[in-house]
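Asks: Sequence first, then the predicted structure, then my questions.
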Amino acid sequence: GRIYLENYTSVLCCSAETLERFYEREITVCDRAFVESDGVDGMLKRAEEEDVAFLVVGDCFAATTHADLVLRAHEKNVKVKTYYNASIMNACAGSGLQLYNFGKTVSLCFFTKTWKPDSFYDSIKMNKSNGGLHTLVLLDIRVKEPTVEALCTGKKIYEPARFMSVSTAARQMLYVENEVRKEGVYNEDS
């Protein structure tokens, strides 16, 4: 069978080559374009004829992309077997915070000069108003993102990989609170 490794919603702490040595098989590394467009169709077609493994770092159903992949497999009558993995979602329990006290999880994207999404704010506000529930904030990961030039010309040119730091997340969240929303949902001491 064939092995595919999804490589953009999370970061694997070893190389694909290390996994190839472990599994003694070639691994196809899948970027966002592969998973969210035509590449998956070819993988599902192959799965109609032979066993195929699709490896995900972390929780295989935390990203809507992966849930969509399962639905697409079912539409094609491709049998799916799931093996659950450790993830940031279940690591929260190890922090001492009870999972029952968490509200909706949010994602925080890197801001740009012209795009500063604040949709996360409403979920944090809702969690706070529902008995002071904790909010897990997932920080942005940018791996193999096309440059503006690539988008305009169709060339395969990518920005360097970036991983949002806690300090960047805090700055962005405080910007939304102090400059955009001004509702007092959180502050520097939250």
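Replies: That came in fine, so what should we check first?
Asks: pLDDT-wise, which helix or strand of the chain ranks last?
Replies: Every helix and strand of the chain was ranked by mean pLDDT, DSSP states H and E. The lowest is helix 88-91, at a mean of 78.
Asks: CA atoms only for that one - export them in CSV, please.
Replies: Extracted as CSV, the C-alpha positions of helix 88-91 are listed here (Å, rounded to 0.1, in the frame of the first residue of the first chain):
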residue,chain,number,x,y,z
ILE,A,88,-2.9,19.6,21.5
MET,A,89,-6.6,19.1,22.1
ASN,A,90,-6.1,16.2,24.6
ALA,A,91,-2.8,17.7,25.9
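Asks: roughly how far out does it sit from the chain middle?
Replies: In terms of CA atoms, centre = their mean, to the nearest Å, the centre of helix 88-91 is set 13 Å apart from its chain centre.
Asks: list the buried ones in that helix?
Replies: Met89 (16 or more other CB atoms under 10 Å). Backbone N, C-alpha and C define where each C-beta goes, glycine included.
Asks: show me where pLDDT drops low in the chain?
Replies: Of all residues in the chain, none has pLDDT under 70.
Asks: Now do the residue of it positioned farthest from its centre against Glu75, distance only.
Replies: Note on the chain: the largest C-alpha distance from the chain mean falls to Glu49, namely 29.3 Å (CA atoms, centre = their mean). In this view, Glu49 and Glu75 are 17 Å apart by CB to CB, to the nearest Å.
Asks: still on that earlier bit, contacts for the least confident helix or strand of the chain?
Replies: 58-59, 62, 105, 136, 138 (CB atoms under 8 Å, 6 or more residues apart in numbering).
Asks: Quickly list what the closest residue to Met164 other than its chain neighbours is bridged to.
Replies: In this structure, Met164 finds its nearest non-sequential neighbour in Leu139, 3.9 Å apart by CB to CB, 6 or more residues apart in numbering. Beta-bridge partners of Leu139, counted by DSSP bridges, are Leu108.
Asks: ranges for the strands of the protein?
Replies: 2-6, 27-30, 52-55, 106-108, 137-139, 141-142, 162-163 (DSSP state E).
Asks: What count of nearby residues applies to the closest residue to Thr28 other than its chain neighbours?
Replies: Among residues not flanking Thr28 along the chain, Tyr4 sits closest, at 4.9 Å (CB to CB, 6+ apart). Tyr4 has 21 neighbouring residues, counting by other CB atoms under 10 Å.
Asks: for Asn178, same thing?
Replies: Neighbour count for Asn178, taken as other CB under 10 Å: 11.
Asks: ok, now Tyr8?
Replies: 22.
Asks: gap between it and Arg21?
Replies: Distance from Tyr8 to Arg21, by CB to CB: 23 Å.
Asks: Equivalent analysis for Ser87, please.
Replies: Per CB to CB, Ser87 is found 24 Å from Arg21.
Asks: now Phe120
Replies: Phe120 is 40 Å from Arg21, by CB to CB.
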